[in-house]
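Participant: Give me coordinates for this.
(2 chains)
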Protein chains: 2
Amino acid sequence: MSDPHASRLDRARAALRDRGDRALVLAPGPNARYLTGLTAEQSERRFLVVVPRDDDPAALAPALAAPDARDAPGLADDRVRTWRDDDGPHPALAAFAAAHLADGPGRLLVDDRLWASHLLALRDAVDAPLGLASEVCGPLRVRKDEAERDALRRAASVADGVVGQLRDRGADVVGTTERDLARTVERLLDGAGGEGLPFDPVVAAGPNGARPHHTPTDRRIEAGDPVVLDFGTRVDGYPSDQTRTLVFGDEPSDRVRAVHDAVWEAQRAGVAAVEPGARAGDVDAAARTVIEDAGYGDAFVHRTGHGVGLEVHEEPYVASGSGRRLEPGMVFSVEPGVYLDGAFGVRIEDLVLVTDDGCERLNRTPRGPETGD
Amino acid sequence: MSDPHASRLDRARAALRDRGDRALVLAPGPNARYLTGLTAEQSERRFLVVVPRDDDPAALAPALAAPDARDAPGLADDRVRTWRDDDGPHPALAAFAAAHLADGPGRLLVDDRLWASHLLALRDAVDAPLGLASEVCGPLRVRKDEAERDALRRAASVADGVVGQLRDRGADVVGTTERDLARTVERLLDGAGGEGLPFDPVVAAGPNGARPHHTPTDRRIEAGDPVVLDFGTRVDGYPSDQTRTLVFGDEPSDRVRAVHDAVWEAQRAGVAAVEPGARAGDVDAAARTVIEDAGYGDAFVHRTGHGVGLEVHEEPYVASGSGRRLEPGMVFSVEPGVYLDGAFGVRIEDLVLVTDDGCERLNRTPRGPETGD
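Facilitator: Numbers count the residues shown, from 1 in each chain, chains lettered A, B, ... in the order given. From the prediction side, this is the model:
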């Protein structure tokens, strides 16, 4: 894509002016990347990116990250102030705050993920009311532009291909540990063109599947175990995120089949409810009702989905009662699940893109539990 | 190790009482893991662990993380309050704060890495002065007990073995991309018993080595390139972190050799300065002086080292002018580097453990740039 940062910055500053807020104060991370192209990550070394209402962005960067700041297309070299470890960040923060944050009315909107250590130092350096940067950045980031959609589609396609490869392995997977299978997933994603993991893969076999965010262990996968496989990769910085619950080396039991059918029906119902103008809560309700009607309502312990963009979890959240209206360009997961303590879990997740008249599924690999030939 | 959380909690509460502070308010992460054994990670879903001055720890957890909270040896089941996505976190936070945070004088010491989104919500729910949890947790965590030392030694040994394997590959590495070599490093670490990456490996060839925290690219490693290799793994939750700068497929040039010699001499000088009672700044100065005397002072753009424990970067920081006194049980890196813009970089890093009369190097693989036979 052509450099999109200039127009994004313009819109962010316009939003600050409209709201009467003073500036964004961002940590290295998704908001800063979206607005300036900075790809660094937050650390204990103080590194702030400021977007003042009426001026170009500026950064306070540790010296060793100065090249990252200079490489960011939205940060001019002469707007980057650096500090060295032997001086410490405090004098530089005071000067930086005086230059870019002290003047004007309104709030400082701090990055939602800014660490408390940095936030308390900022609070000591500038006397201003505080709010969250998501108030401004959220509405901008929630509607994906063409380049973002393209990256999300490609990332979903890479992950779908890996689901297919796992499915093809069938009974060969039996006896593998969850941890080894997670590593295999990573290698397959990498080999298929993925650019690294947006989150640690979930590989949760049998009773471990009852934990939605299970960390892979040395448990070996047994024939007939439902295995929750939730993983993603990145393309051009944008992640995929999808889940299949597969059974290797045997037929699913009747109980597994019944739960899987309910979850798949719920997932279809959720996706069918996605269209511009619908509420996020409607999508949650569509999926949740199916699971409640099947008798598993208490076992669906999480919201139905979350937005996906530069962050794997971002707006819009598809939660019960959410009145958030869906808009074209939004991308989020639809991922109902049922978690039966001590027994197993089933989750089915696809990403969807809201279109002008409905939605497009970004994940297209089959949803059934069957594997092998 | 036998469950160490009870004694750690006792010491943390004693420190709160001594300081007149009210409670620790932790995010899932290293402080919470140290004190309660909780292994979850921070996310946008509100999850707080509180250690009140005069009571057992308590947690506010999203329902889907309830099993993680229950598994934490330092968290009793009846002290975990959960909230579900369809209710949202606010009512539960209000009740939780009223039960565990509202009473008593003194500050709430918030996790240094608590996200601003959670901190501002906490500030709205409880009217109390704020400080940082590191004031209490730092002094406890900085002296590693026997079980921690053992885990750190084993992690260092795994990573050292992988350096040896890379060295053995010699000229075979030429033509590999940085990114592929990074993946190879991951696989080798995994195969040697590592439990995952504490940070993304740095593989920085030729001019890319001038960036201390370079992200691996598709640049192919050329014969004679100095390649900065900075990576680690985990054992029992504790990380390793070491750096070697290796040259594959050719002899190092005279210039590379000269810089490498200076950095290695600086690293030895830094390690030689480590003993109980010395100041962290003394270690930095010992290493820095060598590099300055060699004429590269301006090119050593970072501090000499950082503590390593449950976090890869923690106290004590080995920075210029630091008056922090070294104590037996501290573990930190000694990692001087020289970064020559447009040319190359050299860094050599080992972890050291402060002993009663000096220090023990946890990394033992040779430091020279030579590879192959």
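
Participant: And whatever residue of the stretch 1-150 of chain A ends up closest to chain B, how close does it get to residue B:227?
Facilitator: Residue of the stretch 1-150 of chain A nearest chain B, by Cβ to the nearest Cβ: residue A:86 (3.1 Å). Every C-beta, even on glycine, is put in place using the N, C-alpha and C of the backbone. From residue A:86 over to residue B:227 the distance is 27 Å, taken as Cβ to Cβ, to the nearest Å.

Participant: ok, now residue A:341?
Facilitator: Separation of residue A:341 from residue B:227 (Cβ to Cβ): 49 Å.

Participant: Who has more neighbours out of the two?
Facilitator: Applying other Cβ atoms under 10 Å in any protein chain shown to residue A:341 and residue B:227 shows that residue B:227 carries more neighbours, namely 27 against 11.

Participant: Next, see if the longest helix along chain A gets close to chain B.
Facilitator: Of all segments of type helix in chain A, defined using DSSP state H, the longest is helix A:146-169. No: counting by Cβ under 8 Å from any Cβ of the partner chain, chain B is not contacted by helix A:146-169; separation bottoms out at 15.4 Å.

Participant: Could you point out the helix or strand that follows that helix?
Facilitator: Per DSSP states H and E, the first helix or strand lying C-terminal to helix A:146-169 is helix A:178-191.

Participant: tell me the secondary structure for residue A:302?
Facilitator: The three-state label given to residue A:302 by DSSP: H, G, I helix; E, B strand; the rest coil is coil.

Participant: Next up, the contacts around residue A:260.
Facilitator: A:226, A:245, A:252, A:346, A:348, A:368-369 (Cβ atoms under 8 Å, 6 or more residues apart in numbering or on different chains).

Participant: From the residues you listed, list the buried ones, please.
Facilitator: Taking 16 or more other Cβ atoms under 10 Å in any protein chain shown as the criterion, what is buried in these is A:226, A:245, A:252, A:346, A:348, A:368-369.

Participant: right, and residue A:334 touches residue A:350 too?
Facilitator: Yes: assessed by Cβ atoms under 8 Å, residue A:334 is found in contact with residue A:350 at 6.0 Å.

Participant: where do the contact lists of those two overlap?
Facilitator: Joint contacts of residue A:334 and residue A:350 (Cβ under 8 Å, 6+ apart) are A:267, A:271.

Participant: neighbour count winner among these two?
Facilitator: residue A:334 (29 against 25).

Participant: mind listing what the more buried one touches?
Facilitator: Residue A:334 neighbours (Cβ under 8 Å, 6+ apart): A:267, A:270-271, A:274, A:283, A:287, A:304-305, A:318, A:349-350, A:352.

Participant: Keep only those of those that are in helices.
Facilitator: For these, the ones inside helices are A:267, A:270-271, A:283, A:287, with DSSP H as the criterion.

Participant: Now for the residues you listed: which two are most distant?
Facilitator: Across the ones in helices among the contacts of residue A:334, the longest distance by Cβ to Cβ is 10.6 Å; it joins A:267 and A:283.

Participant: Which of these two has more residues huddled nearby?
Facilitator: The neighbour count for residue A:267 versus residue A:283, taken as other Cβ under 10 Å, is higher for residue A:283 (30 against 26).

Participant: need the contact list for the more buried one.
Facilitator: A:270, A:273-274, A:304-305, A:318, A:326, A:334.

Participant: How many neighbouring residues does the residue nearest to residue A:337 when sequence neighbours are not counted have?
Facilitator: Using Cβ to Cβ, 6 or more residues apart in numbering or on different chains and skipping the chain neighbours, the partner closest in space to residue A:337 is residue A:347 (3.4 Å). By other Cβ under 10 Å, 25 other residues sit near residue A:347.
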